[in-house]
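Chemist: Here's a sequence, model it:
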Amino acid sequence: MDTSTVTERADTLGRRVVPRHFRSLEDKLQIIAEARAPGASVAAVARKHGLNANLVFVWMRQQDQGVLTARTRQPRPKLLAVSVSPASATDEPRFDTVPRPSTEHLEVTLPDGTCVRAFGAVPTERLERILRLLRR
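Modeler: Okay, the predicted model is just below:
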């Protein structure tokens, strides 16, 4: 019996007249287990479930590749409640809370042309260690 031609599910032009049947993961795994049983015929199992044998082979290949697994949804991100109020004329932006980058820096140039620059507050011990490493 040819399982690729099913006449009662198509009109005279070969178009599908019934909605597609989507199988759950459990159904697919159960059909695959039946088809892989010793002595089982994939075509016979497909006919038993009203499927095309090629579809069962596709599911088997997907299982072998690890693609046929349960899909899990990602958890929704947690949202925070926010309220917006109109700004009054007396509210001015405050810039003093933003730390300003330090303009202080130390620059050491060694006789071989190596230059070491340190910006901001750098502990003395760390500078000494860097200079000892560079002298080697």
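Chemist: in a strand, that's where Ile130 is, yeah?
Modeler: No - applying DSSP: H, G, I helix; E, B strand; the rest coil, one finds Ile130 to be helix, outside a strand.
Chemist: Just give the nearest non-adjacent residue to it, would you?
Modeler: Val116 (6.3 Å; C-beta to C-beta, 6 or more residues apart in numbering). For glycine as for every other residue, the C-beta is placed from the backbone atoms N, C-alpha and C.
Chemist: again with Glu104
Modeler: Per C-beta to C-beta, 6+ apart, closest to Glu104 is Gly120, 6.6 Å.
Chemist: So for that neighbour, what's the pLDDT?
Modeler: Per-residue confidence (pLDDT) for Gly120: 75.
Chemist: Which stretches in this protein count as strands?
Modeler: 105-109, 115-119 (DSSP state E).
Chemist: Export those strands to a markdown table and append columns for mean neighbour count.
Modeler: Putting the strands of the chain into a markdown table (neighbours: other C-beta atoms under 10 Å) gives the following:
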| stretch | mean neighbour count |
| --- | --- |
| strand 105-109 | 11 |
| strand 115-119 | 11 |
